[in-house]
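**Q** The following comprises the amino acid sequence and a computationally predicted model.
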Amino acid sequence: MTEKRPGFLRRVIGGLWNGLDFTRRLVVNLVFLLILVLVIAALFKGEQPLKEKTTLVLAPKGEIVEQYAGDPGEIAFAKLVGDEVPQTQLRDILKVLEAAAKDDQITQVLLKLDTFGGAGVSTLREVGRAIDRFQKSGKKVIAFGEFLDQGAYYMAAHADEVYIHPEGITMLEGLGRYRNYYRSALDKLGIQMHVFRVGTYKSAVEPYLLDGPSEAAREADAYWLGDVWKVFLDDIAKARGLDADELRRGIDELPQRVAAKGGNLAQLALDDKLVDGLKTIDEIRAMLIASGAKDDDQETFRQVSFGDYLKRVPAPPAGKDQAKIGVIVAQGEILDGSHPQGTIGGHSTSELVRKAREDENIKAIVLRVDSPGGSGFASELIRRELELTKAAGKPVVISMGDLAASGGYWISMTSDAIYAEPTTITGSIGIFGLFPDASKTMDTLGLHTEGTTTTWLAGAFDPRRPLDPRLGEVIQAVINNGYQDFIGKVGMSRNKTPEEIDAVGQGRVWSGSQALERGLVDHLGGLEDAIANAAERAKLGQDYRVEYVEKEPNGFEKFMLGFTSRARSALSAAVADALLPGWMQPQFAGELQRDIAVLKGWRQRPMATYAYCFCELR
């Protein structure tokens, strides 16, 4: 009898396992059937036509960017489960406002800014111009936010009416840059950062050498920051019919003004004419019902969300062989290799340029740049592909967004024309290299590194050992040569001598207006201006369409991107919380990650050159 027990246990355990396996397969099949039902419902349920007197609710979520950051598949999956992608594409805002201006069913726009997460000054100016163009249709834009920081307020100022909550805040602060400096921390750790650079103003390396900015860096930053701030304030003053000097005084005298209002910041904003009224959200709702129409089912004003309206905007009709302007987005840090959207890969972005060059229907390329730079080698790979495109007879026009500095300028210089906003941050023509020396840290810990080599160079790049002066001479010579190559190529592109470029180079940052004065850009204008210039150079007239050249999503990604919001919401209710928990990276950790970005790939390429500018404004 005792010999039968193992068989009995095996049968019991086997039965339990079979039961669990059956349950698992049943759950998987049910989930699959649920998804299938949702897909079929999404495919067969058409969009309901908009009713008259509908309000478009434009509520940007997160940062306004040129292009979603990340892998298209991940973005598609986030949309599938109803998770909000914490970014809004600038092109989508422009497209929606243009379509809504011509749509007879859209009566007005509510610009709701509570979920807005920031944007660069040049991006804000693009949105402001789009709002101005919409208003020419005779339709009203109403802006509302419980709290409007100065980026949100810039957009709101372009509206016909601006309202904040009676307990809300609207405040202009000014522009500035603060960075972490690591010199003392590195000293305490016993780490010496050897820096090799060319350029009095190449301040990207100063956090590793100093505990604060050098006087040269302060001077250069104050110069371009002051110019950008002037444009920013002048734009607001013009939009609101105010005086820019009075706005400046409002900041200078803020403590006295707040005290005079008993600490009521909302009332101060109203009295200073920054806003037109103080209203709660229910009062805004009632106002929009009165100026638009009531949705009796939802007990609110008749409305369509930004996301839903975007899906309604039809793609422009295109013939099979219609001429196209190809727009390539170069956004983020420039890195070696291939990388997803949101960063610029030397190989992946070069591949997009080649793809556009080899497309017979693409007659010209516009490179939209929003980058602080990065790898000098990757920058050169992209520049070379653009040079080949020009040689192939296709015009190349650059449109600089918020930032096109250092490596961002490198990839821009070989072009037929460069457009920048007056507020674009550009220049920073200079390069540097780094060598971390942790030998003192090793000594402090009682650790020692010794060995035998056949030459002095073998193992010379080991950060556990002190930097050999001979290696330092080699690295500095490489940096010197790289800088001469940089200013030589800029000189050829701008029809100037290397000496003339060196005079405005040396790592110094300029605003777009200042860059125009110094011959580093050709025109002041936005993306639409650059596209029009490219079409003119390609002799296309008005018979062309604009196509963004991006990594093509595969079939599964396209399938998920095509889901309607109804299908996404239904699936989200079941699985979103379990699959995609949210988190936020602390500000210090994010800045630290950015500052050490220049060290990426150091072990693979210890003599790499970096064309980087930590000069972003958000």
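**A** Noted; the coordinates are in hand.

**Q** can we go C-alpha only for contacts and neighbour counts from here?
**A** OK.

**Q** center of this protein, which residue is that?
**A** residue 65 (4.0 Å; Cα atoms, centre = their mean).

**Q** which residues of the stretch 1-150 of the chain score low on pLDDT?
**A** 1-17, 21, 24, 27-47, 71-85 (pLDDT under 70).

**Q** how about the helices in it?
**A** Assigned by DSSP state H, counting those that start in this stretch, the stretch 1-150 of the chain shows helices spanning 5-44, 72-80, 90-102, 121-135, 150-157.

**Q** which helices and strands does the helix or strand just after the shortest one pack with?
**A** The element immediately downstream of helix 150-157 (helix or strand, assigned by DSSP states H and E) is strand 161-170. Using 3 or more Cα pairs under 8 Å, 6 or more residues apart in numbering; DSSP states H and E as the contact criterion, the elements in contact with strand 161-170 are strand 140-148, helix 150-157, helix 265-271, strand 277-278.

**Q** among those, which is nearest residue 533?
**A** helix 150-157 (26.8 Å; Cα to Cα).

**Q** hmm, who's touching that closest one?
**A** Identification of contacts with helix 150-157 by Cα atoms under 8 Å, 6 or more residues apart in numbering yields 111, 113, 116, 118-119, 121, 124, 127-128, 143-144, 162, 170-173, 232, 236, 239-240, 274.

**Q** And stretch 178-188, by the same measure?
**A** Outside of stretch 178-188, the residues within contact range by Cα under 8 Å, 6+ apart are 192, 206-212, 591-592.

**Q** Send me stretch 147-164 as PDB with only the CA atoms.
**A** Only the C-alpha atoms of stretch 147-164 are listed here, as PDB (Å, rounded to 0.1, in the frame of the first residue of the first chain):
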ATOM      1  CA  PHE A 147      -2.600  78.000 -12.200                       C
ATOM      2  CA  LEU A 148      -0.800  79.500 -15.200                       C
ATOM      3  CA  ASP A 149       2.900  79.500 -15.100                       C
ATOM      4  CA  GLN A 150       4.600  81.900 -17.600                       C
ATOM      5  CA  GLY A 151       4.800  79.200 -20.400                       C
ATOM      6  CA  ALA A 152       1.100  78.500 -20.100                       C
ATOM      7  CA  TYR A 153       0.400  82.200 -19.800                       C
ATOM      8  CA  TYR A 154       2.200  83.000 -23.000                       C
ATOM      9  CA  MET A 155      -0.200  80.800 -24.900                       C
ATOM     10  CA  ALA A 156      -3.200  82.100 -22.900                       C
ATOM     11  CA  ALA A 157      -2.200  85.700 -23.700                       C
ATOM     12  CA  HIS A 158      -3.000  85.000 -27.400                       C
ATOM     13  CA  ALA A 159      -6.600  84.100 -26.500                       C
ATOM     14  CA  ASP A 160      -9.500  86.600 -26.800                       C
ATOM     15  CA  GLU A 161     -10.300  86.100 -23.100                       C
ATOM     16  CA  VAL A 162      -8.200  84.700 -20.200                       C
ATOM     17  CA  TYR A 163      -9.600  83.400 -16.900                       C
ATOM     18  CA  ILE A 164      -8.100  81.900 -13.800                       C
END
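
**Q** name the element the nearest residue to residue 549 once chain neighbours are set aside belongs to?
**A** For residue 549, ignoring the flanking residues on the chain, the nearest one in space by Cα to Cα, 6 or more residues apart in numbering is residue 328 at 5.3 Å. Using DSSP H and E, residue 328 sits within strand 324-331.

**Q** what lines up beside that strand in the sheet?
**A** Using DSSP bridges, the strands paired with strand 324-331 in its sheet are strand 362-371 (parallel), strand 545-548 (parallel).

**Q** next SSE after that strand?
**A** Downstream of strand 324-331, the first helix or strand assigned by DSSP H and E is strand 334-335.

**Q** same for that next one, what does it pack against?
**A** Short answer (3+ Cα pairs under 8 Å, 6+ apart): strand 334-335 packs on strand 344-345, strand 373-375, helix 376-391.

**Q** With distance to residue 423 as extra columns, can I get these in TSV?
**A** Converted to TSV, those look like this (distance: least, Cα to Cα, whole Å):
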stretch	distance to residue 423
strand 344-345	22
strand 373-375	18
helix 376-391	23
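
**Q** Of these, which is nearest residue 264?
**A** Closest among the helices and strands packed on strand 334-335, using Cα to Cα: strand 373-375, at 43.4 Å.

**Q** Just the residues contacting the closest one, thanks.
**A** Contacts to strand 373-375, defined as Cα under 8 Å, 6+ apart, come from residues 332-336, 379, 404-409, 598, 608-613.

**Q** Turn the buried ones among the residues you listed into a named PyMOL selection, would you?
**A** Selection of the buried residues among the contacts of strand 373-375 in PyMOL, burial being defined by 16 or more other Cα atoms under 10 Å:
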select buried, resi 332+333+334+335+336+379+404+405+406+407+408+409+598+608+609+610+611+612+613
